[in-house]
Structures are given as C-alpha cells and as structure tokens.
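>>> A predicted structure for the sequence below; I have some questions about it.
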Amino acid sequence: MRFSRYFLPILKETPKEAEITSHRMMLRAGMIKQQSAGIYTWLPLGLKILRKVETIIREEQNRAGANEILMPTLQSADLWRESGRYDAYGKEMLRIEDRHGREMLYGPTNEEMVTDVFRSYVKSYKDLPLNLYHIQWKFRDEVRPRFGVMRGREFLMKDAYSFDLDEQGAVEAYNRMFVSYLRTFERLGVKAIPMRADTGPIGGELSHEFIILAETGENEVFCHKDYLQLPVPPEDVDFDDAEEMQNIVAQWTEHYAATDEVFDETKWNEIAEDQKIAARGIEVGHIFSFGTTYSEKLAAEVTHPDGKTRPVHMGSYGIGPSRLVGALIEAFHDDNGIIWPKSVAPFDLGIINMKPGHGACDELSEKIYAACLKAGKDALYDDRDQSAGAKFATMDLIGLPTQVIVGPRVAESGDVEIKDRATGEREVLSVDAAINKLMAEI
RNA sequence: CGGGGCAUAGCGCAGCCUGGUAGCGCACCUGGUUUGGGACCAGGGGGUCGCAAGUUCGAAUCUUGCUGCCCCGACCA
C-alpha cells in the first residue's frame, strides 16, 4: 500500500479524552475514532490489526475442534425469558423494541441463542462432543465505559460454547479450550496466565481468567513466578488426546494464580517470598464450565446410550479481540509509539522513501516495493512529500516491526537501511541483499 | 449510580473573573524554498462559541435548565 493512497489519519496531538497509553496511541495512530462513549469506528489500520487478532483466534479455535458459526447481534427477549435472564440481567442489557412492539435486545452474550441452535438439531449422544463458536459484536451498556477499546460498550468477542454428555466430557472440553487459549495468546506474543476466577452470575464451578500482566491492568492479580516460564503446547499438540490435555492443564494450574476476587491468603503465603508475583493484569480471556444450568432451563437434552434423555453439560469460552488490541499496545510500546508483535503487525514492513523526487531514493524504494508486491508481502510504502522526521515519527508510532529506510546518504551507492523498531538498530545493506533478507525473514 | 471536571475552527488551547468587532499553535489550501528524526517563508480559507430559555441596548462571557464527553469510586456473563 502506498501511503499516499492510504487512509491513515495520524494525530500529532493527543485528543484530551484519552487517558491511558493504548487509547492515546490508538487515536494518534489513526486506528480508531470514538463515535460515542464506549463505541468506536475502526479505521483501516486498526481494523487490519483487529482482523489479524481474530484470525489467530479463529485458527486456534478450529485447531481445537470448534465449529465457527455466526449468530445475530439482535436477539428475541423470549429466549432470555426462558433462561430467566431477561429480568436478571439488568440495565447492562440494551433492550430494543421493533416496529411491532416485540421485545428485542442487542446480545451481551449468546448462551441462550447457541443453546437454542443446539437443541434444534442435536438429539443424540452420538453427536457429542460439540463446540460452536462465533466472533461477533456484543453490546453491554456499561455504567462507565473507559480505557478506549479495552472497556467499551460495543466490543468484539469470540465466544465458544461446548456441549457434552456428562461432567467428564465437559471437563475434557474445558481442557481443550484451555490449551487452545494458551496457544492463542502465545501466538499473539503475550504471556497470558490462567488464574482462578469467580464464576459470577453465569454459575458453575470451573473457571479461569487469562490475564496479561500490565501496569495499567484493571485487576489486581497474584501468582507464582513459574508461570512466566512454563512451556506452551506446540502447534501439533493432539487435542484428541484427553490425557495430554489434562496433563497440560494440570501443569498450568499447579501453582497458585488468582485474581483479587478470589484471593486466598493462606495459599498465597505458602509461596516463597522470592517466587511471588503481585501485579496488575488485563483480563483477555475467560472460560467457564457451568454444567446444566442453561440446558435444563432451555431443554437442551440428548438421548444417552441407555435410551434416557438428559440435559447436556455446557461450558463457555470468551476472548475479546477488540480488547486484546488495546491490551497488546499496553504490553508493547515505548515513548515513540506502538511496537507490534510480528504476528499482528498491520504490515509486514514499512518502506520510507526519505526524499521523493531524488532519483536514487525513488529507484530503490520502488524496487523494494515491487519486490514486496511480487512476493505477496504487505508493505506500507511512505512515498509522501513530507519531512524525513515526520516519516520516521509516523512509522514508529504505528509500530511496524521492520522498516526499510531509503535515504540519499546511502542510496547513491545502491544501499538501503533496515531498521528494527523494537531495538532501533539499523543495518546498511545493498538493495538486493536487503530484498533477499526481507523476503526470507518476514 | 455517588463524587469531581470539561464543552470556543479538524486537533490542542487562550479569551469568561470585570458583558462591547472571536484569537493562538498545529492541521488544511496557494506559491516558493526544503528533506537523515514531527521543516521554513509569504499569502489564504474555515467558528450558529454544545443546545435552549432568561437578564441586558448588547452575552463566548452573567443566570437557569438540558445534552454530550472525561476522570475517581462502586459495578463489570
């Protein structure tokens, strides 16, 4: 993409509504525009990152055997009356009336609806286990939205729902999602620690929150230091191997790790002083196993091998891609701007033509850009007639991990520079060597 | 929902106390000079001062009501 054709409204000054780093940087980098409290337009750069995060989540859900569907944002109140949550949910639920006066709502979550999908088709134990998920916008009318996309009212959520014959099956389903989440966050470049969590109004016994440690986190968290070192299951981990899944979960739940909601002082004190981590964290995932709470109310039942019909055991598993974009920035930035992990970087590389109109600069820049197009690399090519300083600042702000600088100083002799955004280190290479290196490494 | 604050050009702000022709920086447009870390010179465009009512000869400025947004707290499947 040529910068001159790209819609990237960089802000030089920070809009005053933004208080925390990620929100400020998202606004300054032209990723989002606020439309009203807790509701945002995703601009091209922001949307690109959001999609990359979604893709990683989707790939790992699929790998774990989940089926993607897409349920609507608007739901009928009737379903929620069946589960008893229409009245229980309170003001956070946005209630709407259609032209016929029918009561509708903008979904804050989808347990009811997915259970309805399930009960419409699945009748036999032979069809289990089953996991259905979707990635869809949710709305929760938070009293006080804040922190930009990290605590918005409208937000994107991947929510998966598992259906199993019995408790044992439900635990296995829970374990698969647990492992899937470990892999997902690993691929996103962050350490997310599973912590014991409150199950809240959704009910149930088994629940973990996945927490990224960050100074600006909303939750106070406590855990054993070993969590920072534990190995993450590889790509070819066998999700069908229940024993292996169980072992991984056991390893990742062996030590103490909990949010302040369920803080256990006795267990905390059992940890050696130099092994303790007391920090703040951002919740980026939350998984629950809640048994038959919804399947009983909504009559989601299957026939067992013994011929009897019983409610299915369910679990739900959420990750917020939109919140994650903010959380990633909280984890990866410096004074100059964002430093994207390679897996979610909006472009594979940035090319800075420092002096458009200068023969050698144009020639080398175009050559690299053409090589990218040919190789299918997604490059942002800054071909604008701007001061070099502005170009450097912009590229750093939007956080592309690899940048190629083509300036008159080295271009005359056919060289370009490759800059690493994270370290600031630069390497001068001939243009051909640079192209080879870039095509091979990114 | 309790407490606090803000609202003046696209963004950041001054002006308000003490009523009298709406300003600055950045951004934008034109011309020129520039280009190794957010360039410079000259010229130019852009505002029902959040909305409504009131006081006044006269309101961005004073009064009242409303709306929107932000911060702290409580809340957060």
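That came in fine, so what should we check first?
>>> what's the average pLDDT for stretch A:404-420?
Averaged over stretch A:404-420, pLDDT sits at 96.
>>> what about the helices in the stretch 51-200 of chain A?
Here the stretch 51-200 of chain A has its helices, by DSSP state H, counting those that start in this stretch, at A:77-83, A:85-88, A:111-121, A:167-187.
>>> against which helices or strands is the first one packed?
Secondary structure elements in contact with helix A:77-83, counted by 3 or more CB pairs under 8 Å, 6 or more residues apart in numbering; DSSP states H and E, are helix A:85-88, strand A:103-106, helix A:111-121, helix A:293-297. C-beta: built from backbone N, CA, C; applies to glycine.
>>> lowest average pLDDT across those?
When I compare these, helix A:85-88 is least confident, with a mean of 90.
>>> does that helix reach RNA strand B?
No: Helix A:85-88 stays clear of RNA strand B (CB under 7 Å from any atom of the strand), getting no nearer than 8.9 Å.
>>> how about residue A:382, what does it touch?
Going by CB atoms under 8 Å, 6 or more residues apart in numbering, residue A:382 touches A:3, A:350-353, A:391, A:394-395.
>>> check chain A for its longest strand and report it.
Counting residues, the longest strand found in chain A (DSSP state E) is strand A:276-291.
>>> chain center to it: distance?
Centroid displacement of strand A:276-291 relative to its chain, using CA atoms, centre = their mean, to the nearest Å, is 14 Å.
>>> what do you get for stretch A:182-200?
The answer for stretch A:182-200 is 10 Å, by CA atoms, centre = their mean.
>>> how about residue A:73, phi and psi?
phi -80, psi -30 (degrees, to the nearest 10).
>>> got a list of what it touches?
Contacts for residue A:73 (CB under 8 Å, 6+ apart) come out as A:106-107, A:136-139.
>>> which of those has the most neighbours?
Comparing the contacts of residue A:73 by number of neighbours (other CB atoms under 10 Å), residue A:107 comes first, having 24 neighbours.
>>> ok, and the closest non-adjacent residue to that residue?
Spatial nearest neighbour of residue A:107, excluding adjacent residues (CB to CB, 6 or more residues apart in numbering): residue A:75 at 4.9 Å.
>>> same deal with residue A:96?
Nearest non-adjacent residue to residue A:96 (CB to CB, 6+ apart): residue A:104, at 4.6 Å.
>>> so the one you found makes contact with residue A:74?
Yes: using CB atoms under 8 Å, residue A:104 is in contact with residue A:74, at 5.3 Å.
>>> what touches both of the two?
Common neighbours of residue A:104 and residue A:74, using CB under 8 Å, 6+ apart, are residue A:96.
>>> tell me the contacts of the most centrally placed residue in chain A?
A centroid search over chain A (CA atoms, centre = their mean) returns residue A:321, at 3.3 Å, as the residue closest to the centre. Counting by CB under 8 Å, 6+ apart, residue A:321 touches A:50, A:53-54, A:57, A:135, A:156-158.
>>> just the residues you listed now: which is nearest residue A:307?
Of all the contacts of residue A:321, residue A:307 sits closest to residue A:158, with 36.6 Å by CB to CB.
>>> okay, now that closest one: neighbour count?
Residue A:158 has 24 neighbours, counted by other CB under 10 Å.
>>> about what we covered before: reformat the contacts of residue A:321 as CSV; add distance to residue A:312 and pLDDT.
Compiled in CSV, the contacts of residue A:321 are given as follows (distance: CB to CB, whole Å; pLDDT from 0 to 100):
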residue, distance to residue A:312, pLDDT
A:50, 33, 97
A:53, 30, 98
A:54, 28, 98
A:57, 24, 98
A:135, 23, 98
A:156, 27, 97
A:157, 22, 97
A:158, 21, 98
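>>> give me the subset of the residues you listed touching RNA strand B.
Applying CB under 7 Å from any atom of the strand to those, one finds that residue A:157 fall near RNA strand B.
>>> who does residue A:134 bridge with?
Beta bridges link residue A:134 to residue A:159 when assigned by DSSP bridges.
>>> residue A:159 is in contact with that one, correct?
Yes: shown here, residue A:134 and residue A:159 form a contact pair, counting by CB under 8 Å, at 6.7 Å.
>>> residues shared between the contacts of those two?
Contact criterion CB under 8 Å, 6+ apart; residues shared by residue A:134 and residue A:159: residue A:110.
>>> in a markdown table: the helices and strands packed on helix A:77-83, plus distance to residue A:409.
Shown next, in a markdown table, are the helices and strands packed on helix A:77-83 (distance: least, CB to CB, whole Å):
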| stretch | distance to residue A:409 |
| --- | --- |
| helix A:85-88 | 65 |
| strand A:103-106 | 56 |
| helix A:111-121 | 59 |
| helix A:293-297 | 66 |
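>>> closest one to residue A:129 among those?
Per CB to CB, nearest to residue A:129 of these: helix A:111-121, 11.7 Å.
>>> what is the closest one packed up against?
So helix A:111-121, by 3+ CB pairs under 8 Å, 6+ apart, packs with helix A:77-83, strand A:130-139, strand A:154-164, helix A:293-297, strand A:313-319.
>>> closest to residue A:29 out of those?
Nearest of the helices and strands packed on helix A:111-121 (CB to CB): strand A:154-164, 18.6 Å.
>>> that closest one vs strand A:313-319, what angle?
Interaxial angle of strand A:154-164 relative to strand A:313-319 (axes from the mean of the first three to the mean of the last three CA atoms, to 10 degrees): 150 degrees.
>>> taking strand A:276-291 as reference, get the angle to strand A:154-164.
Using the same axes, to 10 degrees: strand A:154-164 against strand A:276-291 is 60 degrees.
>>> could you say what helices and strands strand A:154-164 packs with?
Using 3+ CB pairs under 8 Å, 6+ apart: strand A:154-164 touches helix A:44-63, helix A:111-121, strand A:130-139, helix A:167-187, strand A:313-319, helix A:321-331.
>>> that strand vs helix A:111-121, what angle?
Using the same axes, to 10 degrees: strand A:154-164 against helix A:111-121 is 40 degrees.
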